[in-house]
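1. Fold the following for me, if possible:
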Amino acid sequence: MLLLQFTSNSIPILCFLLLIPIMILTSDSKPPPSVYEVLRAHGLPMGLLPKGVTKFEIDEGGRFQVHLDQACNAKFESELHYDRNVSGTLSYGRIGALSGISAQELFLWFPVKGIRVDVPSSGIIYFDVGVVYKQFSLSLFETPPDCTAATADVDGGRLIIDAVSKSNLGKLRYGLGQEQHFGRDFV
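-> All right, here's what the predicted structure looks like:
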């Protein structure tokens, strides 16, 4: 019969030996997937979000939040602006209820409300900017773009859109009324 005798010096060694299997099991666990891997798994290109993601969360319903180290702009065929926080709902081939991304058209910035890839083999991705869907080549978004710090122009552009869409509509109607009153040369 084997008798084990424990001394006060052997207890820490025994605890260490018991912890080794636990440490091995927890070290084998995989880290959570990156936002870029999740996009790829949902049939979307990795380059929809720029480099600089500091935190990524997604729930079982596909609702996600991405935190960037700073608000920034990236250049594709047109320029995209990313707020520090981007959120939306992810499903296969699309992002809905999107907030935190704006696209520039001419000199105005429009919020991107959704993104979709209907048929990956078509090579086309669609951005929902409210009134229309902007088409881009899917190849533009193959890799996460470098992003430069956002400038005041983006906010100014947003203010222009907000002003036109909200308060200046009345001024536009007033101006049209004056044009009819004073003749066509007034504007």
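
2. buried set for the helix or strand containing residue 109?
-> Using DSSP states H and E, residue 109 falls within strand 108-111. Going by neighbour count (16 or more other CB atoms under 10 Å), the buried part of strand 108-111 is 109-111. For glycine as for every other residue, the C-beta is placed from the backbone atoms N, C-alpha and C.

3. Could you list every helix and strand in contact with that strand?
-> For strand 108-111, the elements it packs on are strand 94-105, helix 152-165, judged by 3 or more CB pairs under 8 Å, 6 or more residues apart in numbering; DSSP states H and E.

4. ok, which stretches of this structure are helices?
-> Using DSSP state H, the helices of the chain run over 10-27, 35-41, 152-165, 168-182.

5. sorry, back to before: okay, the buried residues of strand 108-111 in JSON lines with pLDDT next?
-> Formatted as JSON lines, the buried residues of strand 108-111 follow (pLDDT from 0 to 100):
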{"residue": "109", "pLDDT": "93"}
{"residue": "110", "pLDDT": "94"}
{"residue": "111", "pLDDT": "97"}
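
6. quick one: which of those residues is nearest to residue 135?
-> The closest of those to residue 135 turns out to be residue 110 (CB to CB; 14.4 Å).

7. Who does that closest one form a beta bridge with?
-> Counting by DSSP bridges, residue 110 is bridged to residue 103.

8. My guess is it contacts residue 101. True?
-> No. In this structure, residue 110 is not within contact of residue 101 by CB atoms under 8 Å, at 10.1 Å.

9. which ones are touching the closest residue to residue 44 other than its chain neighbours?
-> Nearest non-adjacent residue to residue 44, counting by CB to CB, 6 or more residues apart in numbering: residue 117, 6.2 Å away. Applying CB atoms under 8 Å, 6 or more residues apart in numbering, one finds that residue 117 lies in contact with 43-45, 93-94, 124-126, 138.

10. same question, residue 46
-> If a contact means CB under 8 Å, 6+ apart, then residue 46 has 36, 39-40, 141-144 as its contacts.

11. Could you check the pLDDT of it?
-> pLDDT recorded at residue 46 is 96.

12. Now do residue 37 against residue 106, distance only.
-> Separation of residue 37 from residue 106 (CB to CB, to the nearest Å): 35 Å.

13. Of the two, which one has the most company?
-> Each of residue 37 and residue 106 has its neighbours counted (other CB atoms under 10 Å); residue 37 has more, 12 against 7.

14. Which secondary structure element of this protein has the lowest mean pLDDT?
-> Of all helical and strand segments in the chain, the minimum by mean pLDDT, DSSP states H and E falls on helix 168-182, at a mean of 41.
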